[in-house]
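Trainee: could you look at this predicted model? Sequence included:
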Amino acid sequence: MIQKSEPEIVVQTSLGLKALCQKLEGISGLKVLELGPARSANIEFWSHYGSRIFIADLRSSLPLPYLAEDQQFPESEWDRILGLPKGGIFDVILAWDLLNYLEISSVSSLIHFLKQHCHPGAVLFTLIFDQKQMPEKITVYRISDESHLIYECSGSEMKSCPRHQPRAIESVMSHFRTSNSFRLRNGIVEYLFIYEGESPE
Amino acid sequence: MWKKSESAEESNPQPIPTPQAAPPAAPRTPVPAQPSRAVIGSTISIIGDLIGEEDLLIEGRVEGKVEFRHHSVVVGKNGRIKADIHGKTITVEGNVEGNLFGEEQLIVRQSGTVRGNIVSPRVVLEDGSNFKGSIDMSPKEKPAAMSSPDKSSSIGKTA
């Protein structure tokens, strides 16, 4: 649970992660794009799927103060910010709670950019806050096991939450379909989006 | 005067150092060989390739290639590397721009910064370390459960 008090580390059930792992059952050689910071726990976890993990820590890549409310990132900016390898195509994208810290237009441009780096069938995992306030700083998530996440809240300061509505999120996830969504007790909705590929024109 | 002096000496006898016989030279016993480690000091800059068969500590600057495939390579806190590094174990405490190939293990310490790709069967990224790039580890069996929350995670370990 995210609290206003001291920075804390809390283990939370993650139905989204569980569903993701079920989807990946038996698959190996995954290419995973981690948009959060490098954490050994996550690297270890994905290594068991024979994965190659690319770390593009958005939190540290963005200019400070990161993700100001009026800050918008056009699609061309994401290439510079994320520094993904040319031609890099991923099967899993871990966006964690980052979308909460972006204007919806920037979410749209980010998704548009990421599509170029997705296999059809690629899964994007994200956590959307549905509460009045959210942590000022982006939380770091560590995978505890296939159905638990460890939340590392890096500060007690809170800020107002944009509360992206499901319809708004889904509208910017063009060519992605919602595979699963789980509303957790802590006010977080976990989403799994599947990239369906762009139909030939 | 002399007498006085003598009596004073008698009342406060000073220990007279007695020459000690030098111990007979003991036969030299072979000292177990310490694993040798080369050190590139913090004032040294190298542009070129480093290839060797001993452990290496880099505190200086290196641009080129570092190949110590059978030995440990440590990039110390002052180390600044623009090179691919091959080592048996690689530990980064300083700054590396390049790809890292750890035959056995790779550790990025809290003070370490890596921009590049890591290929190693065992990778430890200490919390607070700075890493951007890809990580390729050998496939292992699927996890049953991971370790409990641990701030200075030393996961990435395998049995």
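Mentor: Done, it's in.
Trainee: max-length strand in the chain?
Mentor: Picked chain A for this. Across chain A, the strand with the greatest residue count (assigned by DSSP state E) is strand A:118-129.
Trainee: hmm, I had chain B in mind actually
Mentor: Longest strand in chain B by number of residues, with DSSP E as the criterion: strand B:61-75.
Trainee: before we move on, back to that, the longest strand of chain A packs against which elements?
Mentor: Where contact means 3 or more CB pairs under 8 Å, 6 or more residues apart in numbering or on different chains; DSSP states H and E, strand A:118-129 is packed against helix A:15-24, strand A:90-96, strand A:188-195. Every residue, glycine included, has its C-beta placed from N, CA and C.
Trainee: contacts for the helix or strand following the first one?
Mentor: In the C-terminal direction, the helix or strand that comes right after helix A:15-24 (DSSP states H and E) is strand A:31-34. Counting by CB atoms under 8 Å, 6 or more residues apart in numbering or on different chains, strand A:31-34 makes contact with A:42, A:46, A:51-57, A:84, A:88-94, A:114, A:117, all of which sit outside it.
Trainee: the residue in chain A that chain B sits nearest to: what secondary structure?
Mentor: Nearest to chain B in chain A, going by CB to the nearest CB, is residue A:50, at a distance of 3.5 Å. Three-state call for residue A:50 (DSSP: H, G, I helix; E, B strand; the rest coil): coil.
Trainee: my guess is it meets residue A:30, correct?
Mentor: Yes. Assessed by CB atoms under 8 Å, residue A:50 is found in contact with residue A:30 at 6.9 Å.
Trainee: sorry, back to before: and the residue of chain A closest to chain B, how far from residue A:20?
Mentor: Distance, residue A:50 to residue A:20, by CB to CB, to the nearest Å: 16 Å.
Trainee: same check on residue A:39?
Mentor: 17 Å.
Trainee: more crowded one of those two?
Mentor: Set residue A:39 next to residue A:20 and count neighbours by other CB atoms under 10 Å in any protein chain shown: residue A:39 wins out with 24 against 21.
Trainee: the bottom helix or strand of chain A by mean pLDDT?
Mentor: None of the helices or strands of chain A scores lower by mean pLDDT, DSSP states H and E than helix A:58-61, at a mean of 80.
Trainee: brain fart, chain B
Mentor: helix B:2-11 (a mean of 44).
Trainee: if we ignore the residues flanking it in sequence, what's nearest the most centrally placed residue in chain A?
Mentor: Closest to where the C-alpha atoms of chain A average out (CA atoms, centre = their mean) is residue A:95, at 1.2 Å. Spatial nearest neighbour of residue A:95, excluding adjacent residues (CB to CB, 6 or more residues apart in numbering or on different chains): residue A:126 at 4.1 Å.
Trainee: related to what we said a few turns ago, neighbours of the residue of chain A closest to chain B, how many?
Mentor: Neighbours of residue A:50 under the rule other CB under 10 Å: 16.
Trainee: now swap in residue A:125 and tell me
Mentor: For residue A:125, the neighbour count with other CB under 10 Å is 22.
Trainee: cool, and the one 3 residues further on?
Mentor: Using other CB under 10 Å, the number of residues around residue A:128 comes to 24.
Trainee: give the contact list for the residue lying closest to it once chain neighbours are set aside.
Mentor: Sequence neighbours aside, residue A:189 is the residue nearest to residue A:128 in space, at 4.8 Å (criterion: CB to CB, 6+ apart). By CB under 8 Å, 6+ apart, the contact set of residue A:189 is A:127-130, A:166, A:181-183.
Trainee: swap in 6 Å and give it another go.
Mentor: Contact analysis of residue A:189 by CB atoms under 6 Å, 6 or more residues apart in numbering or on different chains lists A:128, A:130, A:181, A:183.
Trainee: what residues sit buried inside stretch A:164-173?
Mentor: For stretch A:164-173, burial by neighbour count (16 or more other CB atoms under 10 Å in any protein chain shown) applies to A:164, A:169-170, A:172-173.
Trainee: cool, thanks, signing off.
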